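A.B. asks: The sequence isn't on hand, but the structure is:
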Ligand code: CMC
């Protein structure tokens, strides 16, 4: 933390308290209120953490007004164009771009861990045949702590490292298995001669009766989806991972908690919800009705794939994703299906509409990723698992950073209690 001399003064009742202000390397100053309760006897109230920094971090930075996303200082568009997912994983985990030797070593380490314990197959079989892949992945990721006991001791740096590599390597295998299970097809084992993205596509789309030949354009688009979703500051699922980890829980359990949080439609579930919404809208002439519903205060409906807590200009991930969408749709010769027409028209209308402009609601990454994944042949139920797969490295990097932070404490928010005060128990016959 930068030890600045700046302070903030807070006066209330008969007290005047002074708090240090820290200047980050980027972003707004932060007031350190850790002594507020001890010195002032009051808590702060900030539901949804709209103004609260929960930790110090050196991993990812977002400037929501500029529409900027940096991984370890590198802009996301440069990484999406020039780098690839495994290099981005190294960057997020260790803080710097790898040398050629480091990259080769890292790729070899990850590749060596792509298979899951054969006994884990039985775990999959416990799920209903039509279970949502997110339900399966959440369960199986948590169950990894039952299979890989030798990497659950969080006090041992070597075990932390092995757990990280295992999760990055195995989450595509687990996700593809969850998909295969949900469609009743046999599992496809990983192939280590393929790159990370091609291997995942093959595990999803090959069947024993027919080999799958990864297309370089589709593999590249898949790899970009992984890269664009790899980390995103202290969002809901990342904060969940940190909170779970703050109690000393093992890394597999913490990442499983993150996956569960990601599932919600306001977070990672938005890509599935977005494509389902486009299909529900159905035809371009229905769009005005849905736009009107999105604006109606009495209607809970929201345009999925629009808006972001932090980006108030544009989502830089969406920009790259839109380019990828064009490449993929062009390759697959999809230029005129009804869902795509609805997506294009909705994007146009929303970008011109006063309601969306004034509230700074732009298409987010999920708006375009759903269109690409659909074109590639993924069912909507796989959209959020693919987000989880991509974000695993971000969660692990943040978890590792937290474990190594000497100021880290168990997360324990306070509350503004508005319930009943102490009252005596009344026997049932007297109520
Ligand atoms: N459609 C219609 N109105 C919206 C939308 C939307 N998608 N998003 C926000 N608004 C309105 C909202 O009604 C509110 O209006 P008012 O000020 O009149 O009450 C205003 O915009 C601000 O909304 P908010 O809920 O206070 O904003 P937030 O920062 O809490 O929510 C959000 C951010 C992403 C949850 C929200 O924009 C949303 O629900 N979007 C749709 C879901 C979605 O696409 N989520 C994916 C986010 S990107 C992937 C990820 O990083 O997880």
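C.D. replies: Right, received. Where do you want to start? Model, not experiment: these values are computed from the prediction.
A.B. asks: and stretch 189-208, how far out from the chain's middle?
C.D. replies: Relative to the chain's own centre, stretch 189-208 is displaced by 23 Å; criterion: Cα atoms, centre = their mean, to the nearest Å.
A.B. asks: and what of stretch 231-242?
C.D. replies: On Cα atoms, centre = their mean, the centre of stretch 231-242 falls 7 Å from the chain's centre.
A.B. asks: Would you mind naming what in the stretch 301-431 of the chain lies close to the ligand?
C.D. replies: Counting by Cβ under 6 Å from any ligand atom, the positions of the stretch 301-431 of the chain adjacent to the ligand are 302-309, 359, 361, 364-366. Where you see a C-beta, it was placed from the backbone N, CA and C, and this is true even at glycine.
A.B. asks: Could you find the closest non-adjacent residue to residue 338?
C.D. replies: Nearest residue to residue 338, sequence neighbours excluded (Cβ to Cβ, 6 or more residues apart in numbering): residue 283, at 6.2 Å.
A.B. asks: If we ignore the residues flanking it in sequence, what's nearest the closest residue to the ligand within the chain?
C.D. replies: In the chain, the residue found nearest to the ligand is residue 307; the distance is 2.4 Å by Cβ to the nearest ligand atom. Distances taken as Cβ to Cβ, 6+ apart put residue 361 closest to residue 307, at 4.3 Å, once the chain neighbours are dropped.
A.B. asks: Tell me the secondary structure of that neighbour, please.
C.D. replies: coil (DSSP: H, G, I helix; E, B strand; the rest coil).
A.B. asks: Which residues are in contact with it?
C.D. replies: 303, 306, 307, 350, 355 (Cβ atoms under 8 Å, 6 or more residues apart in numbering).
A.B. asks: for residue 172, same thing?
C.D. replies: 114, 190, 196, 199, 200, 203, 389.
A.B. asks: Show the buried residues in those residues.
C.D. replies: Buried members of these, counted by 16 or more other Cβ atoms under 10 Å: 114, 190, 196, 199, 200, 203, 389.
A.B. asks: per-residue confidence for the residue nearest to residue 307?
C.D. replies: Residue 361 is assigned a pLDDT of 91 by the prediction.
A.B. asks: Next, give phi and psi for it.
C.D. replies: Backbone torsions for residue 361, taken as degrees, to the nearest 10, come to phi -100, psi 100.
A.B. asks: now the helix or strand where residue 218 lies: how far from the chain's centre is it?
C.D. replies: Assigned by DSSP states H and E, residue 218 falls within helix 216-228. Remark: helix 216-228 is offset 16 Å from the chain centroid, using Cα atoms, centre = their mean.
A.B. asks: Mind listing residues that contact it?
C.D. replies: By Cβ under 8 Å, 6+ apart, helix 216-228 touches 76, 79-80, 83-85, 88, 195-198, 200-201, 317, 320-321, 324, 327-328, 331, 365, 369, 372-373, 376, 386, 389-390.
A.B. asks: repeat that for 7 Å
C.D. replies: 76, 79-80, 83-85, 88, 195-198, 200-201, 317, 320-321, 324, 327-328, 331, 365, 369, 372, 376, 386, 390 (Cβ atoms under 7 Å, 6 or more residues apart in numbering).
A.B. asks: Rebuild the buried ones among the contacts of residue 172 as CSV, extending it with pLDDT, secondary structure and distance to residue 41.
C.D. replies: Listed next are those as CSV, based on pLDDT from 0 to 100; DSSP: H, G, I helix; E, B strand; the rest coil; distance: Cβ to Cβ, whole Å:
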residue, pLDDT, secondary structure, distance to residue 41
114, 97, coil, 54
190, 97, coil, 57
196, 97, helix, 53
199, 98, helix, 57
200, 98, helix, 53
203, 98, helix, 57
389, 97, helix, 46
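A.B. asks: that older thread, what residues does the helix or strand just after the helix holding residue 218 touch?
C.D. replies: Later in the chain than helix 216-228, the nearest helix or strand by DSSP H and E is helix 236-246. Contacting residues not belonging to helix 236-246 are listed as 54-55, 253-255, 257-258, 261-262, 267-268, 391, 394-395, 398-399, 402-403, 408-411 [Cβ under 7 Å, 6+ apart].
A.B. asks: helix or strand right after helix 236-246?
C.D. replies: helix 251-262.
A.B. asks: Quickly check: the helix or strand following that next one near the ligand or not.
C.D. replies: Using DSSP H and E, the helix or strand that directly follows helix 251-262 along the chain is helix 270-281. Yes - Helix 270-281 is in contact with the ligand by Cβ under 6 Å from any ligand atom, via residue 270.
A.B. asks: List the buried residues of the helix or strand just after helix 270-281.
C.D. replies: Next helix or strand after helix 270-281 toward the C-terminus (DSSP H and E): helix 287-295. Using 16+ other Cβ under 10 Å as the test for burial, helix 287-295 gives 287, 290, 291, 294.
A.B. asks: for stretch 155-168, same thing?
C.D. replies: 159, 160, 162, 163, 164, 165, 166, 167, 168.
A.B. asks: quick one: contacts for the second one?
C.D. replies: It refers to residue 160. 154, 251, 400, 403.
A.B. asks: ditto for the third one
C.D. replies: Residues in contact with residue 162 (Cβ under 7 Å, 6+ apart) are residue 151.
A.B. asks: which SS class is it?
C.D. replies: Looking at residue 162 with three-state DSSP, the answer is helix.
A.B. asks: For residue 251, see how far away it is.
C.D. replies: According to Cβ to Cβ, to the nearest Å, residue 162 and residue 251 sit 10 Å apart.
A.B. asks: just the helices in the stretch 51-200 of the chain please.
C.D. replies: Secondary structure of the stretch 51-200 of the chain, counting by DSSP state H, counting those that start in this stretch: helices at 76-82, 85-94, 100-112, 120-125, 133-147, 157-183, 196-205.
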